[in-house]
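>>> Got a sequence here, can you build the structure:
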Amino acid sequence: MQHRNENSTKLSLTLGALVEKLRQDTGISKHKFSCEYEIDSGHFYRIEKGTIDCKVITFYKIAQAFGLKPSKLMKMLEDELGEDFTLIDE
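Model prediction:
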């Protein structure tokens, strides 16, 4: 199990909020979205709430579901987090 600190929690919460906003913009429910794109609905719900870390393969599926390259979704996430964000305590 990975250690969650303040910054990793912030990352998960920010990604969740971004995914939720993108999904709501499409007008599709969480359940329909997760079924349509073959993501476990409980897992997807926890990603949107920021209570779990999103695996790379799931991140990739989510990006593609929104018609985005994973790098574009990552850039959106980076923009939300800000330039000073880091997971590594220095």
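>>> Residue 29 - how many residues pack around it?
13 (other C-beta atoms under 10 Å). In short, each C-beta sits where N, CA and C put it, glycine included.
>>> hang on, I meant residue 78
Residue 78 has 12 neighbouring residues, counting by other C-beta under 10 Å.
>>> mind listing what it touches?
If you count contacts by C-beta atoms under 8 Å, 6 or more residues apart in numbering, residue 78 has them with residue 85.
>>> Can you point out the helix or strand that includes it?
Here residue 78, judged by DSSP states H and E, is contained in helix 70-81.
>>> per-residue confidence for residue 44?
As predicted, residue 44 sits at a pLDDT of 95.
>>> give the contact list for the residue nearest to the spatial centre of the chain.
Central residue of the chain (C-alpha atoms, centre = their mean): residue 15, 3.7 Å from the mean position. Contact partners of residue 15, counting by C-beta under 8 Å, 6+ apart, are 47, 50, 54, 77.
>>> Quick check: which element contains it?
Assigned by DSSP H and E, residue 15 falls within helix 6-26.
>>> which parts of the helix or strand following that helix are buried?
Following helix 6-26 in sequence order, the next helix or strand is helix 30-36 (DSSP H and E). Across helix 30-36, burial judged by 16 or more other C-beta atoms under 10 Å covers 30, 33, 34.
>>> nearest to residue 40, of the contacts of residue 15?
Set against residue 40, the nearest of the contacts of residue 15 by C-beta to C-beta is residue 47 (9.8 Å).
>>> Just give the nearest non-adjacent residue to the closest one, would you?
residue 54 (5.0 Å; C-beta to C-beta, 6 or more residues apart in numbering).
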